[in-house]
Structure formats: structure tokens, C-alpha cells
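Undergrad: below is the structure, and that's it, no one-letter string:
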Ligand SMILES: Nc1nc2c(c(=O)[nH]1)N[C@H]1C(S)=C(S)[C@@H](COP(=O)(O)O)O[C@H]1N2
Ligand SMILES: [Mo]
């Protein structure tokens, strides 16, 4: 974990929330030291670039800290899910179908060098280097609820900035209606992908107005550190009012389109996974209820809770769906 246990607090009293508050306080003092560290990191990346021709693609060391600022868009009031649960209970089918598989198997995902291609209806196609993306905007700490379509949930302190900030840099044409995200796929690195009959690479998409909403996050880290590979390193999408599968991991391409793109889960089972997939307790999955969810990491008697429409973000995003039948457009 990120910080050691302060000597004056018994470990029984340290909730993840307390840990994070302490972590915030410490960071206020450490900020200048951290920006120096970030600059040093950038220099190291430059050196790595030179070595690229002779050395294999590499993974950025787990635990690398990111310099962050507070975001008013953070969701407050709920206890954070522990770092252990966030990084050991994952859906990342390229690395296996069981929750514990990605943390065991994703170690070899090469996260440097890494680029994100921008394609489709844009002023000009371009490619962003991950380290340029990391410096595009100040990185924010944003705590969001995370609701999987499988009816479990977490509260995750992500690090990133609004996807809209990135999209503006992509210069999409005025005719663009949708944006598609494509995940990294290499069957040699991800032989577990054969366990499922999904169409690879993993593909997801959003309507442009959804993607431009400030809550949609281009995500580089969690708990103040670079994303662990199993959580979608080095860059992923997070859309907190939608089921988790809309949030594609390890993005290598972003495509701007005038038509709705094909997406992995919708293509596999369109009656089970709609394109919109807004969290909605009133529309059950054909095989199970969506009315309640299980909060991961709590004692079993405290796990069950009512699922909130739009995962509780309705005040901010419901107007995106004015006049739409959410049963039909599930
Ligand atoms: N490339 C890719 N992205 C993915 C998935 C996946 O299997 N492959 N699973 C999705 C699902 S179903 C969920 S719930 C979230 C899980 O994110 P987490 O493991 O960081 O909690 O990632 C989503 N993004
Ligand atoms: Mo999910």
C-alpha cells in the first residue's frame, strides 16, 4: 500500500477512508517533492525511449506515485473500497474469466512505450504518447462509485482528468456523434482471452454528449498511484453512471464516428447488455435483478444496498437522457 501505518492509530481503527484522508494530508506537504519526482520520471522515460530499440517493451513499476489535485467532482460520504479489493477482484477478460485472474496474469502487460491512436472523423489523425497524455492536464483525485452489471459495487479513488479535455485535443469534426474506445489486444500476452468467446479487441463506445460530460474520466491511476495493470494500465475510461463494462481498460485507440460503434458485450448478447447501460434498478438484467448490489469488502451482513438510478449521479447526468425511453434504450 501507499503509506505506512502511523504509529499512534491502532490498525483496527484504520478504515480505507481514514487512510485516504491521511494520505491527502501528507500529500499537501509532499507536493513540491512530488513534482520534482514527476520531472525525474519524465527524464527517465526519455532515457527509456533511447533504449527502446534494444530493450523489450516494459511495464511501469507498480506503486509509482502521481502528482494530483483535489476535484470537486469527487463523490463523498462512502467508505473507500480497499486497495487490495480494487486490485484483486477484477473483470479483465483478456487476463482470465475469474475475479482473481487479472491480478495474477496482467503483470506482463507492457505499459511503456504506449501510445493512443486517434482515428476516424477528426481534423487530422494523430497519436498521443502516454507520457504526453499524463501531462496534458493536472491529474485529479476523484472518488467514484463503481457498479458492475453483475450487481456488485465498490468505491474507488481514481486519478485522471475529464475525458472531454482529451477529446478537445483530438479535434473531432462537427458531424461526429459517437466515440469508440479500443483496448490493447495481443494474444501472446493475453492467451487467457481464449477462455471467452468475446470479439477482441475489447471495444466500447459512448455518445459524444456522454463522453463530453465532465464526470467521464480519462483515468491513469487509483489511490494516488499509476493504475495497476489489472485495473487497466496505463490509461482507461471510467464512466461512473454506467455499468462497469462501459469503462474500457488499457486504451490504444479512440475512434470518432457518425454512427454507433459495435461494442464487445452488446455484440455478444444484445438482449443482456444494451449500448447505453446506464445503471438502472428499474430495468433488470434478463438473468438477475439490478435492484440491489453487494458492496465488495464489507462484512456480509453490511454488503447489500439499494442500487441508485444512474448509480447516484442523476442530478448531474440525467438531462443527457431527457425524452429517452430508458427501458428500450437500456
Ligand atoms: N479491456 C477490458 N476492459 C474492461 C473489461 C474487460 O474485460 N476488458 N471489463 C469491464 C468490466 S465488466 C468492469 S466491471 C470493469 C472493472 O474494472 P476494475 O477491475 O478496475 O474494477 O472494467 C471493464 N473494462
Ligand atoms: Mo462489470
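TA: Alright, I've got the coordinates. What you are looking at is a predicted structure, and each value in this text was computed from that prediction instead of being measured. Residues are numbered from 1 along each chain as shown. Ligands and ions are numbered 1, 2, ... in the order given.
Undergrad: could you tell me the end-to-end distance of stretch 248-268?
TA: With C-alpha to C-alpha, to the nearest Å as the measure, stretch 248-268 spans 16 Å from end to end.
Undergrad: may I see the buried residues of stretch 285-301?
TA: Neighbour counts over stretch 285-301 (16 or more other C-beta atoms under 10 Å) mark 290, 293, 295, 296, 297 as buried. Using the backbone N, CA and C atoms, a C-beta is placed for each residue, glycine as well.
Undergrad: which residues of the stretch 1-150 of the chain fall in helices?
TA: Taking DSSP state H, counting those that start in this stretch, the helices of the stretch 1-150 of the chain run over residues 16-51, 83-88, 101-105, 130-136.
Undergrad: how about residue 255, phi and psi?
TA: The phi/psi pair for residue 255 (degrees, to the nearest 10) reads phi -120, psi 130.
Undergrad: neighbours of whichever residue of the stretch 201-330 of the chain sits closest to ligand 2, how many?
TA: Sorted by distance to ligand 2 under C-beta to the ion, the residues of the stretch 201-330 of the chain start with residue 244, at 3.5 Å. Residues contacting residue 244 under the criterion other C-beta atoms under 10 Å number 20.
Undergrad: tell me the contacts of it?
TA: Going by C-beta atoms under 8 Å, 6 or more residues apart in numbering, residue 244 touches 91, 146, 147, 148, 149.
Undergrad: for the residues you listed, pick the one with the most neighbours.
TA: For these, neighbours were counted using other C-beta under 10 Å, and residue 147 has the most, 24 neighbours in all.
Undergrad: my understanding was that that one contacts residue 294; is that so?
TA: No. At 10.5 Å, residue 147 and residue 294 do not qualify as touching, with contact defined as C-beta atoms under 8 Å.
Undergrad: so where does the closest residue to residue 137 other than its chain neighbours fall, helix or strand?
TA: Counting by C-beta to C-beta, 6 or more residues apart in numbering, the nearest residue to residue 137 once its immediate chain neighbours are dropped is residue 161, at 4.1 Å. Using DSSP states H and E, residue 161 sits in strand 152-162.
Undergrad: and residue 246, how far from ligand 1?
TA: Residue 246 sits 8 Å away from ligand 1, taking C-beta to the nearest ligand atom, to the nearest Å as the criterion.
Undergrad: for the remainder of this discussion, apply numbering that starts at 660.
TA: That works, and once the first residue is 660, the last one we named lands at residue 905.
Undergrad: and ligand 1, which of the contacts of residue 903 contact it?
TA: Under the cut-off given by C-beta under 6 Å from any ligand atom, ligand 1 has 750, 805, 807 from the contacts of residue 903 close to it.
Undergrad: can you report how many residues neighbour the closest residue to the second one other than its chain neighbours?
TA: Same thing as residue 805. Here the nearest residue to residue 805 in space, its sequence neighbours aside, is residue 813; by C-beta to C-beta, 6+ apart that works out to 4.6 Å. Residue neighbour count, defined by other C-beta under 10 Å, stands at 21 for residue 813.
Undergrad: what residues does the stretch 860-989 of the chain have near ligand 2?
TA: 903, 904 (C-beta under 5 Å from the ion).
Undergrad: which residues of the stretch 860-989 of the chain fall in helices?
TA: Using DSSP H, counting those that start in this stretch, the helices assigned to the stretch 860-989 of the chain run over residues 867-870, 923-927, 959-962, 973-976.
Undergrad: quick one: closest of those helices to ligand 1.
TA: When these are compared by C-beta to the nearest ligand atom, helix 923-927 sits nearest ligand 1, at 7.6 Å.
Undergrad: and the average pLDDT for the closest one is what?
TA: In this model, helix 923-927 has a mean pLDDT of 95.
Undergrad: list the buried ones in that helix?
TA: With the criterion 16+ other C-beta under 10 Å, helix 923-927 contains buried residues 923, 924, 925.
Undergrad: mind giving me the packing neighbours of the strand holding residue 820?
TA: Contacts defined by 3 or more C-beta pairs under 8 Å, 6 or more residues apart in numbering; DSSP states H and E place strand 811-821 against helix 742-747, strand 798-806, strand 876-881, strand 951-954.
Undergrad: return the most buried member of the ones you listed.
TA: Using mean count of other C-beta atoms under 10 Å, the stretch among the helices and strands packed on strand 811-821 with the greatest mean number of neighbours is strand 876-881 (a mean of 25).
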